[in-house]
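Student: Prediction below, plus the sequence it came from.
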Amino acid sequence: MLCKVSCNSQDPEDSAFALGTVGWILCTVSMGIVEWRVWHVDNTTIISSGIAWVGIWKVCFISYLHISSGYREQFCHKFSDYDSSIPHEIYAAQGLLMIAMFMGLLGLTATIFALRNVYMGITHKTLISPFFLVGGFFYMFAGLCVLIPVSWNFYSIMHNQSIAFPPSYYMPSSPVAQEAGAAVPIGIIAVILLLLSGTFSLSYRFPVTANTIMKS
């Protein structure tokens with residue numbers, strides 16, 4: 001009777017899939033959160049709470065004045081492509097996070113296909129190893145795409161950089177102080193998980209099997 005004994009465990013590959021999934025979800029969440037930069041302003045005539053949130057898609061604040069039709073408490077203004085006053089890191093973050101979300105999804109797809117073949121007992125190396133490697137590449141690329149906007153925005157926050165908003169935004173050009181919002185730590189965690197997932201996937205080695213003859 002011929003018996004094949006696997007010498008490696010699939011636990012690292014399972015971890016790669018789990019970490020990649022959570023990292024991709026956090027990447028998507030950070031992209032949708034408006035709290036990238038939290039601005040503290042001293043003029044509360046319009047910004048009643050004294051706090052405004054600057055995201056990568058829009059800027060929002062709470063106001064108790066009737067500013068515009070349909071906006072009485074929370075006022076948000078979406079960034080337009082022709083707003084030349086909006087800093088480059090905001091537009092760069094939009095593009096890079098969209099790429100990261102797409103790359104992460106491709107990484108998950110490749111990893112799922114590879115794990116499916118593993119658990120179905122497929123022994124063809126070409127149907128497993130290349131997909132882990134491709135998935136790892138996509139995870140790493142996605143992690144770097146998230147790292148760049150997170151780092152760039154964090155640098156701007158630490159240096160309290162101003163933004164010359166158009167008058168229609170009802171925003172001051174400079175805050176009294178600003179701090180990192182919830183999207184930044186979420187993005188950092190997403191980077192760590194995606195890079196770890198990519199490392200695990202890229203380090204995959206096809207299990208070595210040993211054939212033994214068992215006598216009945």
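Tutor: Noted; the coordinates are in hand.
Student: And residue 74, how far from residue 163?
Tutor: 20 Å (CB to CB, to the nearest Å). From N, CA and C alone the C-beta is placed, and that goes for glycine too.
Student: Of these two, give the one with the bigger neighbour count.
Tutor: Legend: neighbour count by other CB atoms under 10 Å for residue 74 and residue 163, higher for residue 163 (20 against 10).
Student: That one against residue 83, yeah?
Tutor: No. If you go by CB atoms under 8 Å, residue 163 and residue 83 don't touch, sitting 10.0 Å apart.
Student: Find the residue at the geometric middle of this structure.
Tutor: Centroid-nearest residue in the chain: residue 27, 2.1 Å away (criterion: CA atoms, centre = their mean).
Student: Which phi and psi values does it adopt?
Tutor: phi -60, psi -50 (degrees, to the nearest 10).
Student: For it, which non-adjacent residue is closest in space?
Tutor: Distances taken as CB to CB, 6 or more residues apart in numbering place residue 190 nearest to residue 27, at 4.4 Å, with adjacent residues excluded.
Student: Packing partners of the longest helix that the chain contains?
Tutor: Taking DSSP state H as the criterion, the chain has its longest helix at helix 88-119. Here helix 88-119 touches helix 11-32, helix 129-158, helix 183-202, going by 3 or more CB pairs under 8 Å, 6 or more residues apart in numbering; DSSP states H and E.
Student: what comes up buried for it?
Tutor: 89-90, 93-94, 96-97, 100-101, 103-108, 110-111, 113-115, 118 (16 or more other CB atoms under 10 Å).
Student: Would you convert the helices and strands packed on helix 88-119 into a markdown table that also reports mean pLDDT and distance to residue 53?
Tutor: Putting these into a markdown table (pLDDT from 0 to 100; distance: least, CB to CB, whole Å) gives the following:
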| stretch | mean pLDDT | distance to residue 53 |
| --- | --- | --- |
| helix 11-32 | 89 | 13 |
| helix 129-158 | 93 | 12 |
| helix 183-202 | 94 | 9 |
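Student: Turn the ones you listed into CSV, including distance to residue 48.
Tutor: Listed next are the helices and strands packed on helix 88-119 as CSV, based on distance: least, CB to CB, whole Å:
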stretch, distance to residue 48
helix 11-32, 25
helix 129-158, 23
helix 183-202, 23
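Student: among these, which is nearest residue 62?
Tutor: helix 183-202 (18.2 Å; CB to CB).
Student: roughly how far out does that closest one sit from the chain middle?
Tutor: 8 Å (CA atoms, centre = their mean, to the nearest Å).
Student: Need the residues that contact it.
Tutor: Helix 183-202 is contacted from outside by 12-13, 15-17, 19-20, 22-24, 26-27, 29-30, 33-36, 55, 100, 104, 107, 111, 132-133, 135-140, 142-143, 146-147, 149-150, 153-154, 157, using CB atoms under 8 Å, 6 or more residues apart in numbering.
Student: Before I go, just wanted to say thanks for your time.
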